[in-house]
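Visitor: Sequence first, predicted model second:
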Amino acid sequence: MADRTGQSFLEPGPLVGPFPSGAPAIFIGQAAALGQPAGLIGAVGRDDFGQLNIDRLRRLGADVSAIATHGGHATGTAFVTYRADASRHFVFNIRNSAAGLLAIDDAARHLLADADHFHVMGSSLFSEKATDVVLAATAAVKARGGTVSFDPNVRREIMQDTGMSEALDRVLAQTDVFLPSGNELLLFSSAGDEQGVIAELLGRGIACIVLKRALPAPSITIASARSQCPDSPSRKWTRLAPATASEPPSYASGCAAPHLPRRCASPTPAARWP
């Protein structure tokens with residue numbers, strides 16, 4: 001991560017890190033830390049960055065048995081710099097890293113066999129192969145009566161990839177709990193306002209929508225057409241805390257955990273920052 005606000009990657013500058021990261025891993029790590037049995041299907045290189053992520057997830061209590069390690073391929077990386085307006089610029093190496101070898105192998109099938117919920121981060125849909133893996137996993141869980149949550153986690157740098165919009169729509173069609181951030185919500189409907197989009201998505205069969213906002217103060221709005229969401233039809237919680245690079249998937253994990261089959265508490269305490 002760039003050490004200075006406004007720092008460019010087009011010239012030398014100070015960096016801090018490495019940090020264990022990746023939105024799917026952050027989400028699963030936080031779910032495990034909240035006491036939800038959770039595991040990650042993934043792929044890393046046989047290098048320090050891969051071991052850093054595995055060790056972090058293991059310390060948080062996550063199941064790492066389905067994270068494949070590949071020699072000859074580097075662990076996926078993301079470099080981020082913060083701009084003066086609080087927006088971020090990323091440089092990703094994912095498609096051509098070990099993450100590009102993501103597959104449903106025996107370890108992944110074993111993990112899925114005991115899963116009653118599957119979470120998807122939009123950043124996992126970085127290639128056609130990765131999208132096929134994600135959809136195969138969602139189909140396996142839903143075939144047994146399980147549920148799916150989906151955080152689009154849209155990044156401008158990834159949205160430029162061909163087929164990304166179609167991949168997002170395919171996952172949305174399987175979604176029970178939808179967790180967009182801010183204006184991401186507007187990408188999934190032709191309606192021009194939040195209430196119109198929410199009404200349309202609930203009409204498509206999504207059980208619960210958790211809209212996350214970072215500005216002007218971090219907050220969530222929960223909407224549901226049915227009773228699967230605690231405190232439905234809608235309620236808003238506001239929590240004051242500084243925004244960080246890992247906050248969106250961490251926050252999503254807190255919001256989603258109460259809706260998982262093994263966790264039935266209200267999202268009020270789970271979604272609040274410590």
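Guide: Perfect, thanks for sending it.
Visitor: any chance you could map the helices in the stretch 1-150 of the chain?
Guide: With helices called from DSSP state H, counting those that start in this stretch, the stretch 1-150 of the chain shows them at 23-33, 48-60, 106-113, 128-143.
Visitor: which one of those helices has the most crowded surroundings?
Guide: Mean neighbour count, computed with mean count of other CB atoms under 10 Å, is highest for helix 23-33 among those, reaching a mean of 24. Just so you know, the C-beta spots here come from the backbone N, C-alpha and C atoms, and that holds for glycine as well.
Visitor: I'd like to know the beta-bridge partner residues of the most centrally placed residue in the chain.
Guide: Averaging the C-alpha coordinates of the chain gives a centre point, and the residue nearest to it by CA atoms, centre = their mean is residue 121 (3.3 Å). Under DSSP bridges, the beta-bridge partners of residue 121 are residue 151.
Visitor: can you dump the C-alpha coordinates of stretch 144-158 into CSV?
Guide: These are the backbone C-alpha positions of stretch 144-158, laid out as CSV (Å, rounded to 0.1, in the frame of the first residue of the first chain):
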residue,chain,number,x,y,z
ARG,A,144,-29.1,-28.8,-0.8
GLY,A,145,-31.3,-26.0,0.3
GLY,A,146,-28.5,-23.6,1.2
THR,A,147,-28.3,-19.9,0.6
VAL,A,148,-26.0,-17.4,-1.2
SER,A,149,-24.8,-13.9,-0.3
PHE,A,150,-23.2,-11.6,-2.8
ASP,A,151,-21.1,-8.5,-2.3
PRO,A,152,-20.3,-7.0,-5.8
ASN,A,153,-17.2,-5.3,-4.5
VAL,A,154,-16.9,-3.5,-7.8
ARG,A,155,-13.5,-2.2,-8.8
ARG,A,156,-13.1,0.0,-11.8
GLU,A,157,-9.9,-1.8,-12.8
ILE,A,158,-11.7,-5.2,-12.8
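Visitor: gap between it and the chain center?
Guide: Here the centre of mass of C-alpha atoms in stretch 144-158, compared against the chain's by CA atoms, centre = their mean, to the nearest Å, lies 6 Å away.
Visitor: swap in stretch 57-65?
Guide: Between the mean C-alpha position of stretch 57-65 and that of its chain there is a distance of 17 Å (CA atoms, centre = their mean).
Visitor: in the stretch 51-200 of the chain, which segments are predicted with low confidence?
Guide: Counting by pLDDT under 70, the stretch 51-200 of the chain contains low-confidence residues at 155-162.
Visitor: quick one: contacts for residue 9?
Guide: By CB atoms under 8 Å, 6 or more residues apart in numbering, the contact list for residue 9 reads 2, 79, 81, 89, 91.
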